[in-house]
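**Q** Generate coordinates for the sequence data below:
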Amino acid sequence: KRRVADLKALAGFEKSGHFFFNAPVGRGYDDGLVTAIAVLDMLDRNPGKSMADLYRALPRTYGTPTMSPHCPDEVKYQVSERVTKRFQAMQARGEPVAGQAIRDVVTVNGVRVTAEDGTWGLVRASSNKPELVVVIESPVSEARMREMFKAVDGVLRENPEVGAYNQSI
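**A** Alright, predicted model coming up:
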């Protein structure tokens, strides 16, 4: 929500299902009715296409489920900060992640590290459980997604407080 406002973007979407629309569509907050109206408007602008047709026209991406390794509440924010600093240091030294140069490191609510080809990994502290949150996505291939997971998990494993995942790929 904050990033959508900072960028003055028309819309922003979270993997968790939250949709944020700014003017002229919405007022910047998560609103299911505004989302439904936007979807209906999109369908109206494409009268010969079904929702499935529009979905198939989107670029293919390869993403993990939201994975959550255990991390005690009293240290999860410090671990998230250490992971953030580690990726920032890697970028500063020109060190690759998952075999590619680091294109970007975004530090809004944890860290999102993006490789040259657009493959990215996100690590943040869960706001309501003794866990970290890890998500990986690649616009390139499943193999690149898995390479990024291995790289992100390798950085996480530098922190002995990080435990087992609730699910993995």
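
**Q** Tell me how far Thr107 lies from Gly12.
**A** Distance from Thr107 to Gly12, counting by Cβ to Cβ, to the nearest Å: 17 Å. In this view, the C-beta of every residue, glycine as well, is placed from N, C-alpha and C.

**Q** Between these two, which has more neighbouring residues?
**A** Set side by side, Thr107 and Gly12 show unequal neighbour counts under other Cβ atoms under 10 Å, the larger going to Gly12 at 18 against 15.

**Q** any idea of the pLDDT on that one?
**A** Each residue has a pLDDT score; the one for Gly12 is 81.

**Q** dump the residue contacts of it.
**A** For Gly12, the contacting residues are Lys1, Arg3, Val4, Phe19, Phe20, by Cβ atoms under 8 Å, 6 or more residues apart in numbering.

**Q** Now render the residues you listed as TSV, adding pLDDT.
**A** Putting those into TSV (pLDDT from 0 to 100) gives the following:
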residue	pLDDT
Lys1	73
Arg3	75
Val4	76
Phe19	77
Phe20	79
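
**Q** Which one of these is nearest to Asp117?
**A** Set against Asp117, the nearest of these by Cβ to Cβ is Arg3 (22.1 Å).

**Q** And for that closest one, the neighbour number?
**A** Neighbours of Arg3 (other Cβ under 10 Å): 12.

**Q** Now do it against Ser127, distance only.
**A** With Cβ to Cβ as the criterion, Arg3 and Ser127 are 16 Å apart.

**Q** how far out from the middle of the chain is the biggest helix by length in the chain?
**A** Counting residues, the longest helix found in the chain (DSSP state H) is helix 73-93. Average the C-alpha atoms of helix 73-93, do the same for its chain, and the two points are 16 Å apart (Cα atoms, centre = their mean, to the nearest Å).

**Q** Each with direction, which strands does the following helix or strand past that helix pair with?
**A** Sequence-wise, the next helix or strand beyond helix 73-93 is strand 102-106, with elements assigned using DSSP states H and E. Strand partners for strand 102-106, identified by DSSP bridges, are recorded as strand 111-115 (antiparallel).

**Q** Residues contacting the strand it pairs with, please?
**A** Applying Cβ under 8 Å, 6+ apart, the contact partners of strand 111-115 are 80, 83-84, 87-88, 90-91, 96-106, 120-124, 144, 148, 152.

**Q** Return the members of those classed as buried.
**A** The neighbour-count test (16 or more other Cβ atoms under 10 Å) applied to these identifies 80, 83-84, 87, 90-91, 97-98, 100, 102, 105, 120-124, 144, 148, 152 as buried.

**Q** all helices for the chain, in order.
**A** With DSSP H as the criterion, the chain has helices spanning 2-7, 32-45, 51-56, 73-93, 142-156.
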